[in-house]
Structure formats: structure tokens, C-alpha cells
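Trainee: Following is a predicted model, sequence given first.
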Amino acid sequence: MTDLPLLSVRSLTRLYGAHVGCEDVSFDLYPGEILAIVGESGSGKSTLLECLSCRMPLTSGTVSYRMRDAALRDLATLTEAERRFLMRTDWGFVHQNPADGLRMRVSAGANIGERMMAVGDRHYGRIRKTAEDWLSRVEIPGARIDDRPTAFSGGMRQRLQIARNLVTGPRLVFMDEPTGGLDVSVQARLLDLLRGLVGDMGLSAIVVTHDLAVARLLSHRIMVMKQGHVIEHGLTDRVLDDPQHPYTQLLVASILEV
Amino acid sequence: MLDASPQTRLVLDDVAKSFTNHLRGGIHLPVVQDVSFHVEAGEVVVLGGPSGVGKSSILRMITGNYGVEAGRILMRGRADAPFTDLAAASPRDIIALRRDVIGYVSQFLRAIPRVSALDVVAEPLLSRGVATSEARRRAGALLERLNLPTALFELPPATFSGGEKQRVNIARGFLTDHPILLLDEPTASLDAANRDVVCELIEAKRREGVAILGIFHDEEVRGRIATRIVDVSGFSARKAAA
């Protein structure tokens, strides 16, 4: 880990009219760090993720990102072209529903190849080879390369979405409930895969989840949100094992044990 | 400061901990207070006192797993390094301290789905930059020494017996060369032969100059390895409150 933050967030606020989406959120994310944002539905965690990833404008506050040239830039001051370039290459976004992040009418190979072509790769053989390689890394049989995602199971679609996002070697990946809606055995496989890939590639990630077990397994730090505010923030195992805020205590106490 | 010698690796200075349970009307549970002691390189300090007196809580504060309510927890990896106060450290600092300075063998292994025993043990070495093949080789050698059947090496420990899990946990904690090592009842679910191996491992660490702090309820183990006993009853906030 270096000593300069990759993402720097200051007093981020997003209002929907008079209603608070999220308010006064500040944190730094360092290279190689995984941050989990947890909270119930309506706590503002998805709004925060949308704002961080330039998918929704802020009402006030700043989000700054360290570009590949090491300059920290306020994302609001980027040109549209610069912003699109970031989203296509340096960032990934893994949606809860793979259909939101994949192109369902083109083949698995093309889904991966498209992101490569967006960064200028034009060599068909190389693109196909890389797509095959990524399919195997996310445990999809190479023989499925020409199938459309519509023919895939939910777990396979989610793994394909991850491959599509990681193929360009992003430095920061946003994930919105990446294991939501999957069977537990499929979840375990996906989590193991994500853990491995994130560790190997040294990625930073911001993972929104309502599942504290997912947060424990994947993240270094946790931010707990309630009604648009961050109510507790710290080292993942400490927040889970020694929660301070009444709401965090309630969340932790509500986990079912098997 | 605090009469620390060059050998001092860990200093607890007036440390206190209590829990407030907001789900039970804000009930306040004091655990320990005024906890002050040192651990030197080459020592095996054993925390003594009955169950519930706060021994595990002290270890958990030193690893950063529990927040420190008051006081300082100073640690350093070498005689010429400055002390870091864990009580005031950021999450990133604590992660770095766990990687480089404090090793911890917890009471229970938290198994990760699909990750093999060998990889669980090798992981701390990988995070310190050791090559995968070398880390796995050393992990395997230590598991063998702890008599874990080779057939189990490539299986995830979730379905292992208590003693097998504990040996995986011990191997994970002992494989690295952390200058401070915390042990929470590492011999609790082991048979005599494996208990003996763990005692040998602890003695070897001590001779290497590791500062060791542990909890051992087994009197025989304690008698064999402890160089000093710190009685936690004296720090118990519950007794003081009663």
C-alpha cells in the first residue's frame, strides 16, 4: 500500500428534493484497500455508490481520484471524455443484476472483448485469447465462449460480468451487492473468486452489501450507513466484533448463525 | 519512557475496556482497567486468572480486534524501531502492524469457504511477499510437524474436527516471523502429542527472541513454557466495581 489515497471523498451529500439520499460522507480509499458499505435498504448506500462512481451528480461535496499520472483530480472537473475513459478502463462496476452490466444479446467472448476494444485493442486473435483466459479465471468453460449470457445461469452471468470488468486491469472496482440473489453455494464460489482476483491484481474496491458475512470476507474496512449517514466506520473485524453504535450492534446481533 | 528497555516489544499502559450494550438498555459492562505490563523479546508471559476476567479481551485489544477505551498499547518489532500506539492507530496502520509486527493465534479458526488448509496457513507469508510455491512448501512442512494428515492439506478446514482446525490455526500463526506473538489457548483442543509439539514451537520462538503473550489454562503447559505470569484478576473492573 502506498501512502497516497486513490479516492478522496469530502462531505459528499446527495439530496432528493428535501429527502436525504446521503449526507456529509468523507473518507479516503488507498490502493489495494477494500471498503464495504453496509446498511439496510434505504440507508443511502447505493446512492453513495452511484455518486462515487460518477453515475449520479452530487448535491455538494467532492470526490477526487488519483489519475494514472498520480495527479489527484476532482471528478466534477473532468471533461465528459475523461470521465468516460475512466469508467471504461480504470474503473469497473459490478451490478447486482448481471443483465445491467452485460450485453445480453452478444456472446460471452464479445462481452469481454468489447471492454478491450474500448481501450483500443483491435487484434481479433489476441482479444479472443484473452477472453478465453478470463473465462477460465472466472471458472466458465472455454467451450461456452460463443454462447450468449442469456444461456448462462445466474452465477455464471455474475462471473462473466466480473471478467468483463477486470479484463482492462482497472485500479478501482465498484460493486453493488455482487452476491445478492445468488444461492449460497454459488455465493461462496463467487466470493472466493473475488477474494483471489482482488488480492492478485492489487485492486481497490468499494463493495455495497447488506450481508455482513460478505463484508467480513472481502473487506478491510466497513462503513455502516443509516438514514443517509455514516454512523460507524472502521476496521472490518473490529466493527463486527466490537460494534459501538446501537444500530451496528443491532445489525451484528441479527446475524443468523448456522 | 515507561522504563522500556531495548528488549521491550510490547507495553500496555493503563489500558481499560468496557462494553456498552445498547440492545439491553445501554447496560454497561466493565471488563478491565489500569492494565499495565511489558513483554520483552524472548519472554513467554502468560495471562493468569479465572475465566471471564478479561484475558481474551486484552489479547483482542492488542491485535486491534477490540477498540481500546483508555490507555496506550505500544509496540515495536525491533530494538531500534519507534513504538507505535495501537490504541491510536488507523485501520491501515493496524493492518500493517498485523502483517509485520503482531502475530495472533485465535481460539477458533474462521474458515473461509473453498480455501484449502494449506492456503489458509500459507496466506500470511504470501501477504509478506514470499513466493507461492515457497509459502505452500513451508506451510506443508509445519502442518506435517503438527501431525495433520497430508490427505487434509488440500481440503477447506470447515469440516475438520476441532483439533484439526486448531492445528491449522496454530500453523498459520507460527509460520511467520512476527516479533510479537499472541496465543489464545492454542493447546485447548489438542492431544498430548500435539500439545508437546506446540510447546516446542513456542520454546523455539522464544529462543529466537519473539515476545510471546498467551493464555493457557493447561497447568502443565503453563509450567513448562511460562517465563512470567501476569495475573489479570488485579485488573478486573468487575471485581473493583463489586
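Mentor: Okay, I see it. Numbering: from 1, shown residues only, chains lettered A, B, ... in the order given.
Trainee: make it CA atoms for all contacts and neighbour counts henceforth
Mentor: Noted.
Trainee: Around chain B, pick out the residues from the stretch 151-258 of chain A.
Mentor: A:188-189, A:192, A:217, A:220-221, A:234-235, A:237-238, A:241-242, A:244-246, A:249-250 (CA under 8 Å from any CA of the partner chain).
Trainee: Only whichever of those residues are buried, select them in ChimeraX.
Mentor: Restricted to buried positions by 16 or more other CA atoms under 10 Å in any protein chain shown, the ChimeraX selection for these reads:
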select /A:188,189,192,217,220,221,234,235,237,238,242,244,245,246,249
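Trainee: Show the backbone phi and psi for B:V31.
Mentor: Note on B:V31: backbone dihedrals following degrees, to the nearest 10 are phi -110, psi -70.
Trainee: and what of the one 3 residues further on?
Mentor: Per-residue torsions, B:D34: phi 50, psi 40 (degrees, to the nearest 10).
Trainee: if we can go back for a sec, taking the residues of the stretch 151-258 of chain A next to chain B one by one, which sit in helices?
Mentor: Here DSSP state H is the test, and those give A:188-189, A:192, A:217, A:237-238, A:241, A:246, A:249-250 as lying in helices.
Trainee: list the contacts for the nearest residue to B:V230 once chain neighbours are set aside?
Mentor: Once flanking residues are discounted, B:V230 sits nearest to B:L47: 5.0 Å by CA to CA, 6 or more residues apart in numbering or on different chains. With contact set as CA atoms under 8 Å, 6 or more residues apart in numbering or on different chains, B:L47 has these partners: B:55, B:213-216, B:229-232.
Trainee: Between these, which sits nearest A:M67?
Mentor: Among the contacts of B:L47, B:L213 lies closest to A:M67 (CA to CA), at 44.4 Å.
Trainee: And that closest one, how far from A:R148?
Mentor: 57 Å (CA to CA, to the nearest Å).
Trainee: Equivalent analysis for B:L201, please.
Mentor: Distance of B:L201 to A:R148, computed by CA to CA: 55 Å.
Trainee: Show me the shaky parts of the stretch 1-150 of chain A.
Mentor: A:1-2 (pLDDT under 70).
Trainee: Would you mind listing what in chain B touches chain A?
Mentor: Residues of chain B lying near chain A (CA under 8 Å from any CA): B:20-23, B:64-67, B:91, B:112-115.
Trainee: Strands of the stretch 101-250 of chain A, residue ranges please.
Mentor: Using DSSP state E, counting those that start in this stretch, the strands of the stretch 101-250 of chain A run over A:172-176, A:204-209, A:221-226, A:229-235.
Trainee: Please read the previous query as pertaining to chain B.
Mentor: Counting by DSSP state E, the segments of chain B that form strands are B:8-21, B:27-40, B:44-48, B:70-75, B:84-85, B:102-105, B:180-184, B:211-215, B:228-231.
Trainee: okay if I get those strands as CSV plus distance to A:D200?
Mentor: Formatted as CSV, those follow (distance: least, CA to CA, whole Å):
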stretch, distance to A:D200
strand B:8-21, 32
strand B:27-40, 36
strand B:44-48, 36
strand B:70-75, 30
strand B:84-85, 29
strand B:102-105, 23
strand B:180-184, 27
strand B:211-215, 32
strand B:228-231, 42
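Trainee: winner for burial among those strands?
Mentor: Among these, strand B:211-215 has the highest mean neighbour count (mean count of other CA atoms under 10 Å in any protein chain shown), at a mean of 26.
Trainee: Kindly export that one (C-alpha atoms) in PDB.
Mentor: Output in PDB follows, covering the C-alpha atoms of strand B:211-215 (Å, rounded to 0.1, in the frame of the first residue of the first chain):
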ATOM      1  CA  ALA B 211       8.000 -11.600  22.600                       C
ATOM      2  CA  ILE B 212       5.100 -14.000  23.400                       C
ATOM      3  CA  LEU B 213       2.000 -13.300  25.400                       C
ATOM      4  CA  GLY B 214      -0.600 -16.000  25.800                       C
ATOM      5  CA  ILE B 215      -3.500 -17.600  27.700                       C
END
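Trainee: coming back round to it: closest one to A:E80 out of the residues of chain B next to chain A, please.
Mentor: B:P91 (34.8 Å).
Trainee: ok, now how distant is that closest one from A:D28?
Mentor: Using CA to CA, B:P91 is found at 12 Å from A:D28.
Trainee: pLDDT below threshold where in chain B?
Mentor: Along chain B, the model assigns pLDDT under 70 to residues B:1-2, B:238-242.
Trainee: switch the cut-off to 80
Mentor: By pLDDT under 80, the low-scoring segments of chain B are B:1-3, B:111-112, B:237-242.
Trainee: Please, where are all the helices along it?
Mentor: So, for chain B - with DSSP H - the helices run B:55-63, B:91-100, B:117-127, B:132-145, B:162-174, B:192-207, B:219-225, B:237-241.
Trainee: Which residues does the fifth one contact?
Mentor: Counting by CA under 8 Å, 6+ apart, helix B:162-174 makes contact with B:103-109, B:117, B:120-124, B:139, B:142-143, B:146, B:148, B:157-158, B:181, B:186, B:189-190, B:201, all of which sit outside it.
Trainee: which of the residues you listed are buried?
Mentor: B:103-107, B:109, B:117, B:120-124, B:139, B:142-143, B:146, B:148, B:157-158, B:181, B:186, B:189-190, B:201.
Trainee: that older thread, what's the spacing between the residue nearest to B:V230 and chain A?
Mentor: To chain A, B:L47 is 21 Å away according to CA to the nearest CA, to the nearest Å.
Trainee: What distance do you get for that residue to B:V68?
Mentor: B:L47 is 18 Å from B:V68, by CA to CA.
Trainee: likewise A:Q161?
Mentor: 41 Å.
Trainee: Equivalent analysis for A:Q244, please.
Mentor: 12 Å.
Trainee: can you list the residues that contact whichever strand or helix holds A:R83?
Mentor: Assigned by DSSP states H and E, A:R83 belongs to helix A:80-85. By CA under 8 Å, 6+ apart, the list of residues contacting helix A:80-85 from outside reads A:54, A:75.
Trainee: Check the offset of the helix or strand following it from the chain's centre.
Mentor: Next helix or strand after helix A:80-85 toward the C-terminus (DSSP H and E): strand A:91-94. Put simply, strand A:91-94 sits 6 Å off its chain's centre (CA atoms, centre = their mean, to the nearest Å).
Trainee: Check stretch B:162-180 too.
Mentor: On CA atoms, centre = their mean, the centre of stretch B:162-180 falls 10 Å from that of its chain.
Trainee: And for stretch A:240-258?
Mentor: Chain-centre distance of stretch A:240-258: 24 Å, with CA atoms, centre = their mean.
Trainee: likewise stretch A:10-28?
Mentor: 19 Å.
Trainee: cool, stretch B:139-153 as well?
Mentor: 21 Å.
Trainee: Equivalent analysis for stretch A:44-55, please.
Mentor: Centre to centre, stretch against its chain (CA atoms, centre = their mean), the figure for stretch A:44-55 is 11 Å.
Trainee: Show me what stretch A:236-255 is in contact with.
Mentor: Stretch A:236-255 is touched from outside by A:212, A:215-216, A:219-222, A:224, A:226, A:231-233, B:20-23, B:64-67, with contacts defined as CA under 8 Å, 6+ apart.
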